[in-house]
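>>> have a look at this fold, sequence not included:
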């Protein structure tokens, strides 16, 4: 009889624990934790014009990394099957290895690791990225 009670409790506890773990992933949190000193380049692919923007200026890298590091995001719906119109942003280290990869859709939405996330605490520096994109396009880089 003790074995049956123990099995019943386990049968209830395991799904409950899995449900709690799944719910935990939807708590608002910071999705990036990068150090700008470790990033040599940021590649931004403009999904609307299919133009690649390479950011190597240290002050621009620091601004963008600090901005994204400070934002708390709320996990949203899965992004499977969604088109990537926005700025695909790839952070590269000194060896050219990818440190992080995300798509910035607007001043409050990113696609990261298969989900959409909405900015909770402040806006993403979307205008800054658009300005960099237009500067690079106008200069012919």
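Received the coordinates, thanks. As the structure is a prediction and not an experimental result, all values here were calculated from the model.

>>> what score does the residue lying closest to residue 41 once chain neighbours are set aside have for pLDDT?
Excluding its sequence neighbours, the residue lying closest to residue 41 (C-beta to C-beta, 6 or more residues apart in numbering) is residue 92, at 4.6 Å. (C-beta placed from N, C-alpha, C; glycine too.) We have a pLDDT of 97 for residue 92.

>>> what's the answer for residue 85, then?
77.

>>> for this protein, which segments count as helices?
Assigned by DSSP state H, the chain shows helices spanning 2-24, 58-69, 126-139.

>>> tabulate the ones you listed (JSON lines), appending distance to residue 38, mean neighbour count and mean pLDDT.
Formatted as JSON lines, those follow (distance: least, C-beta to C-beta, whole Å; neighbours: other C-beta atoms under 10 Å; pLDDT from 0 to 100):
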{"stretch": "helix 2-24", "distance to residue 38": "28", "mean neighbour count": "9", "mean pLDDT": "79"}
{"stretch": "helix 58-69", "distance to residue 38": "9", "mean neighbour count": "16", "mean pLDDT": "94"}
{"stretch": "helix 126-139", "distance to residue 38": "20", "mean neighbour count": "14", "mean pLDDT": "78"}
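
>>> got the contact list for residue 113?
With contacts defined as C-beta atoms under 8 Å, 6 or more residues apart in numbering, residue 113 is in contact with residue 31.

>>> what's the separation between it and residue 22?
Distance from residue 113 to residue 22, counting by C-beta to C-beta, to the nearest Å: 15 Å.

>>> again, but for residue 56
40 Å.

>>> likewise for residue 16?
Using C-beta to C-beta, residue 16 is found at 11 Å from residue 22.

>>> could you find the closest non-adjacent residue to the residue nearest the centre of the chain?
In the chain, the centroid-proximal residue (C-alpha atoms, centre = their mean) is residue 112; its distance is 4.0 Å. Spatially, and ignoring its direct neighbours in sequence, residue 112 is nearest to residue 102 (4.4 Å; C-beta to C-beta, 6+ apart).
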